[in-house]
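> Predicted model, plus sequence, below.
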Amino acid sequence: MKFIVSSSYLLKQLQVLGSVINSSNTLPILDNFLFELDSNELTVSASDLETTMSATLEIDSKSKGSVAVPAKLLLDILKTFPEQPLTFTVEENSTIEISSNSGKYAIAYAPGEEFPKSVSLDDPSSTVVPSDVLATAISKTIFAAGNDDLRPVMSGVFFQFSSEGLIFVATDAHKLVKYARADVKASQVADFIMPKKPLNILKSILGTSESDVTIEYNDSNATFSFDSYVLMCRLIDGKYPNYEAVIPKENPNKLMINRVLLLNSVRRVAIFSNKTTHQIRLKIAGAELNISAEDIDYSNKAEERLTCDYQGDDMQIGFNSRFLSEMLTNLTSDEIMLEMSMPNRAGILTPIDGLDEGETVTMLVMPVMLNN
């Protein structure tokens, strides 16, 4: 088995795949990349059993075979090469020899058969989504997913596909984000919960892709295919909570304000808030928004006044400043609207401008009880 490949081309693909590999694996074989050679096509795979990703590279070769090569060692050596062709030759003595312009390097390999086989989906449903839409959907929602191992369904992003459009939801019970697209549709109704790790990997590479992503899924697994990559992952098992039930429908109090202005103000005032509750108080009367925070234990307090466009009754409401600033950071519009009904009901943040046609973003933040 022998092939020739460009060093920088190989490194770029392996760095993407390397993000799948865990720092400590239960099976030693998972510390390797699987190289599968079939004439001019080299397929490289990495897996942690839950998530498997492979990339297909066009190379120069006439042979066939498969070997598992230590991932860290290979990445470390590839990072040091300037751009040049490298020749990989599998030797009889269980080593793979890499020849560069300046030298030769031998790495011990394991037989390719030891590497776990990826699952094939039986009779999957399929939806095609433009890569920029999927990348935006992931980055707009993933920050709101929870980290609680006791509630695994909340630790992922809920994908809901129908002929009316696509909906992506994430929540950790304190904040919720719903990202919807009416301009991209699926042929059949389906919903599943995607874990965070494969979504983060997708987010990092979709930004550079121009092509459409084909998503295939059944009850337990999903695959994402685009460009030369195929990412396959096991879905989170369980029923997603009814998120529509927690979004308040009647919100008579509407506050419109510049997003950056509010974000900077919240960040400044939050420095003076209590370090355990991160509580800030929003007091709205007329066209004035008063943001304040106090840490009684240390006698720290801050207060800022902003002008805003407000329709509704005068009210005071408390929020966790970390959640509020996280949401404001993830929105990209210039103007935002905060809709509220009562101080003990969730507030809804929506962007007023900067959206594509058919795109809606709804962010929900739970209030904290104010102690007057």
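Perfect, thanks for sending it. Only a predicted model underlies this, so the values are computations on that prediction, with no experimental measurement involved.
> May I have the beta-bridge partners of A170?
V177 (DSSP bridges).
> I'd assumed T141 was in contact with it.
Yes - using CB atoms under 8 Å, A170 is in contact with T141, at 4.1 Å. Every C-beta, even on glycine, is put in place using the N, C-alpha and C of the backbone.
> what touches both of the two?
157, 177 (CB atoms under 8 Å, 6 or more residues apart in numbering).
> Quick check: pLDDT value at the closest residue to I201 other than its chain neighbours.
Distances taken as CB to CB, 6 or more residues apart in numbering put S19 closest to I201, at 5.2 Å, once the chain neighbours are dropped. pLDDT for S19: 95.
> Not counting its neighbours along the chain, what's nearest S61?
F3 (3.6 Å).
> Show me the shaky parts of the stretch 151-300 of the chain.
The stretch 151-300 of the chain contains no residues with pLDDT under 70.
> all helices of it, in order?
Using DSSP state H, counting those that start in this stretch, the helices found in the stretch 151-300 of the chain span residues 196-206, 259-270.
> Which helix or strand contains the residue nearest to L199 when sequence neighbours are not counted?
For L199, ignoring the flanking residues on the chain, the nearest one in space by CB to CB, 6+ apart is I138 at 5.1 Å. Per DSSP states H and E: I138 is located in helix 131-141.
> list the buried ones in that helix?
131, 133-141 (16 or more other CB atoms under 10 Å).
> swap in stretch 107-127?
By 16+ other CB under 10 Å, the buried positions in stretch 107-127 come out as 109-110, 112, 115, 118, 121, 125, 127.
> Most tightly packed of the helices of the stretch 151-300 of the chain?
Among those, helix 196-206 has the highest mean neighbour count (mean count of other CB atoms under 10 Å), at a mean of 20.
> and the angle from it to helix 131-141?
Counting by axes from the mean of the first three to the mean of the last three CA atoms, to 10 degrees, helix 196-206 lies at 130 degrees to helix 131-141.
> So what's the gap between helix 196-206 and the chain middle?
Its chain's C-alpha centre and that of helix 196-206 lie 5 Å apart, by CA atoms, centre = their mean, to the nearest Å.
> Show residues contacting that helix.
Contacts of helix 196-206 with the rest of the structure, by CB under 8 Å, 6+ apart, involve 16, 19-20, 48, 50-51, 53, 131-132, 134-135, 138-139, 142, 145, 155-157, 213, 224, 226, 229, 231, 233.
> Which members of those residues are positioned in strands?
Counting by DSSP state E, the contacts of helix 196-206 place 51, 53, 156-157, 213, 224, 226, 229, 231, 233 in strands.
> Most neighbours among those, which one is it?
Sorting these by how many neighbours each has (other CB atoms under 10 Å) puts M53 first, at 27 neighbours.
> So it sits against G18, correct?
No - using CB under 8 Å, M53 is not in contact with G18; the gap is 9.7 Å.
> quick one: common contacting residues for these two?
Contact criterion CB under 8 Å, 6+ apart; residues shared by M53 and G18: A46.
> tally of neighbours for S63?
By other CB under 10 Å, 12 other residues sit near S63.
> Please report how far it lies from V44.
To V44, S63 is 16 Å away according to CB to CB, to the nearest Å.
> Then C233?
Distance from C233 to V44, by CB to CB: 17 Å.
> State the number of residues packed around the residue nearest to S61.
Burial measure for F3: 22 neighbouring residues, criterion other CB under 10 Å.
> Contacts only, for it.
With CB under 8 Å, 6+ apart, F3 has these contacts: 37, 42, 59-61, 63, 87-88.
> Could you tell me which of those residues count as buried?
By neighbour count, with 16+ other CB under 10 Å, these hold 37, 42, 59, 61, 88 as buried.
> what's in contact with stretch 264-279?
Contact with stretch 264-279 is made by 280, 291-297, 300-304, 306, 318-322, 324-325, 328, 368, 370, as judged by CB under 8 Å, 6+ apart.
> again, 10 Å this time
Here stretch 264-279 makes contact (CB atoms under 10 Å, 6 or more residues apart in numbering) with 257-258, 280-282, 289, 291-298, 300-306, 318-325, 327-329, 367-371.
> Of those residues, grab the buried ones for PyMOL.
Command for PyMOL that selects the buried part of the contacts of stretch 264-279, burial taken from 16+ other CB under 10 Å:
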select buried, resi 257+258+280+281+282+289+291+292+293+294+295+302+306+318+319+320+321+323+324+325+327+328+367+368
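> Okay, and the beta partners of M256?
Beta bridges link M256 to D309, M337 when assigned by DSSP bridges.
> Can you give me the neighbour number for it?
Per other CB under 10 Å, the neighbour tally for M256 reads 14.
> thought it was touching D334?
No - in this structure M256 lies outside contact range of D334 using CB atoms under 10 Å: 11.0 Å.
> Find residues that contact each of those two.
Common contacts of M256 and D334, defined by CB under 10 Å, 6+ apart, comprise I352.
> quick one on the thing from earlier: who's in contact with the residue nearest to L199?
Applying CB under 10 Å, 6+ apart, the residues contacting I138 are 157, 168, 170, 179, 194, 196, 198-200, 202-204, 206.
> ok, now with 8 Å
157, 168, 199, 202-203, 206.
> Nearest to Y9 among the residues you listed?
Using CB to CB, L206 is the member of the contacts of I138 that lies nearest Y9, at 19.6 Å.
> how near is the nearest residue to that closest one once chain neighbours are set aside to E92?
Of all residues beyond its chain neighbours, the one nearest L206 is A135 (3.8 Å), with distances taken as CB to CB, 6+ apart. Using CB to CB, A135 is found at 46 Å from E92.
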